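> Quick one, fold the following:
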Amino acid sequence: MRIAIKRLIYVLAMAMAGGAVAAPVQTPVIAGLSTLEPGDWELRSREPGGATKHMCLTDMRQLLQVRHAGRSCSRFVVTDTATQVVVTYDCAAAGNGRTALRVETPRLVQIQSQGIADSAPFDFAMEGRRIGACKQASR
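Predicted coordinates:
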């Protein structure tokens, strides 16, 4: 009991002094992505002659920063509904972006993204379609 009271006094003192109190970091759930099926996704550019990209998606949030794939970026969720997700994100020196994702089915999405990457602007539209399970790496 005494330890709990001392801990409470410490936390209150730190809060009043403006100090940081450690709290567990939680990844926010984005409801609009919850219906999408993980697996092998094909991302096809909507531009004439545009490229096609394949991604093995285990975390559907990867669709929100395709141009900054693999980077640790901070995100702000602007809109989160069952059929639409809009986020802005900042990847520090690597750039930033805004992505609007429209969910058509659990296996089909439309993505519009724009921002700055490698000190240059980007703006693209693509369709994402789940085409199957991810292929296992050969051993």
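
> Give me the residue at the spatial middle of this structure.
Closest residue to the average C-alpha location of the chain: Arg61 at 3.4 Å, with C-alpha atoms, centre = their mean.

> Tell me how far that one lies from Ser72.
12 Å (C-beta to C-beta, to the nearest Å). C-beta: built from backbone N, CA, C; applies to glycine.

> Let me know the pLDDT of the nearest residue to Arg98 once chain neighbours are set aside.
Leaving out its chain neighbours, the residue that sits closest to Arg98 by C-beta to C-beta, 6 or more residues apart in numbering is Thr88, at 4.8 Å. What the model reports as pLDDT for Thr88 is 96.

> neighbours of Thr88, just the number please.
16 (other C-beta atoms under 10 Å).

> Just to be sure, it is in a strand?
Yes: under DSSP: H, G, I helix; E, B strand; the rest coil, Thr88 sits within a strand.

> My guess is Leu108 contacts Arg102. True?
No: shown here, Leu108 and Arg102 do not form a contact pair, counting by C-beta atoms under 8 Å, at 9.5 Å.

> wait, doesn't Arg107 sit right on Glu127?
No: between Arg107 and Glu127 there is no contact under C-beta under 8 Å: 11.2 Å.

> Would you mind writing the CA trace of stretch 33-48 as CSV?
What follows is stretch 33-48, C-alpha atoms only, in CSV (Å, rounded to 0.1, in the frame of the first residue of the first chain):
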residue,chain,number,x,y,z
LEU,A,33,-8.6,-1.0,-42.9
SER,A,34,-10.0,-3.7,-40.6
THR,A,35,-12.0,-5.4,-43.4
LEU,A,36,-9.1,-5.7,-45.8
GLU,A,37,-7.5,-9.1,-46.3
PRO,A,38,-3.8,-9.5,-45.8
GLY,A,39,-1.9,-11.3,-48.5
ASP,A,40,-0.2,-10.6,-51.9
TRP,A,41,-1.5,-7.4,-53.3
GLU,A,42,-1.0,-6.0,-56.7
LEU,A,43,-0.9,-2.2,-56.9
ARG,A,44,-1.5,-0.9,-60.4
SER,A,45,-1.0,2.7,-61.4
ARG,A,46,-4.1,4.4,-62.8
GLU,A,47,-1.8,6.5,-65.2
PRO,A,48,-1.4,5.3,-68.8
